[in-house]
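Asks: Give me a 3D structure for the following:
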Amino acid sequence: MAAKAPSSETQHQGGGSAGSKPGLRKPVFVKVDSLKPGTSGHTLVVKVLESTTVLSKKPRNPTFRGAQNQNTRIAECLIGDETGTILFTARNDQVEMMKPGNTVILRNAKIDMFKGSMRLAVDKWGRVEVTEPAEFVVKEENNLSLVEYELVNVEES
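Replies: The predicted structure follows:
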């Protein structure tokens, strides 16, 4: 019996570190205007304003089975909240969820740079969930994807 007590303490101590795992922490919702180039791990609630399919491709080898044999679909969606808008790149199953008028929660979203401007994307480590309509009005005049960034090398002296 006495040998079990220390092991329960070690489990309890381990429980504290388990709470700091990324999967178990509470999401911190951010606003569109706080997004910066090269950042990731964002959780946002946004409205879909428009969605444009930019690629819809059939598989190259229909006899081959596997992930490479599925249709590839990519849509660029203008999404936003009360602080601004940004372009979101929806891939495959995400395209259905990104219908204009939908309110979605983007979990673990990241900023990709495309031709010098920011794009928001959710890869296989994140989630896109359709939720109940939000009450905010989207601020369409602040489109972060229209801001062009330039990579500058800084030399330390």
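Asks: Would you map the helices across the protein?
Replies: Secondary structure of the chain, counting by DSSP state H: helices at 4-18, 94-97.
Asks: so I86 makes contact with I79?
Replies: Yes: counting by Cβ atoms under 8 Å, I86 touches I79, with 6.4 Å between them. No exception for glycine: its C-beta is placed from N, CA and C like everyone else's.
Asks: Need the residues touching each of those two.
Replies: 32, 120 (Cβ atoms under 8 Å, 6 or more residues apart in numbering).
Asks: hey, which strand is longest across the protein?
Replies: If you go by DSSP state E, the chain has its longest strand at strand 40-57.
Asks: Check which helices and strands that strand sits against.
Replies: When contacts are defined as 3 or more Cβ pairs under 8 Å, 6 or more residues apart in numbering; DSSP states H and E, strand 40-57 packs onto strand 72-81, strand 84-91, strand 103-114.
Asks: ok, back up a step: which of the helices of the chain has the lowest mean pLDDT?
Replies: For the helices of the chain, mean pLDDT drops lowest on helix 4-18, to a mean of 43.
Asks: any weak-confidence spans in the chain?
Replies: Counting by pLDDT under 70, the chain contains low-confidence residues at 1-24, 59-70, 157.
Asks: can you pull up the bridge partners for the closest residue in space to I79 that isn't next to it in sequence?
Replies: Excluding the flanking residues, the one nearest I79 by Cβ to Cβ, 6 or more residues apart in numbering is V46, at 4.2 Å. Beta-bridge partners recorded for V46 (DSSP bridges): V104.
Asks: Just give the number of residues close to V46.
Replies: Neighbourhood size, V46 [other Cβ atoms under 10 Å]: 26.
Asks: so it sits right up against K31, yeah?
Replies: No: counting by Cβ under 8 Å, V46 stays clear of K31, with 9.5 Å between them.
Asks: Now list whatever residues contact both of the two.
Replies: Residues touching both V46 and K31 by Cβ under 8 Å, 6+ apart: D81.
Asks: Pick out the residue closest to the middle of the protein.
Replies: A109 (2.0 Å; Cα atoms, centre = their mean).
Asks: which residues does C77 contact?
Replies: By Cβ under 8 Å, 6+ apart, C77 lies in contact with 48-52, 87-90, 98.
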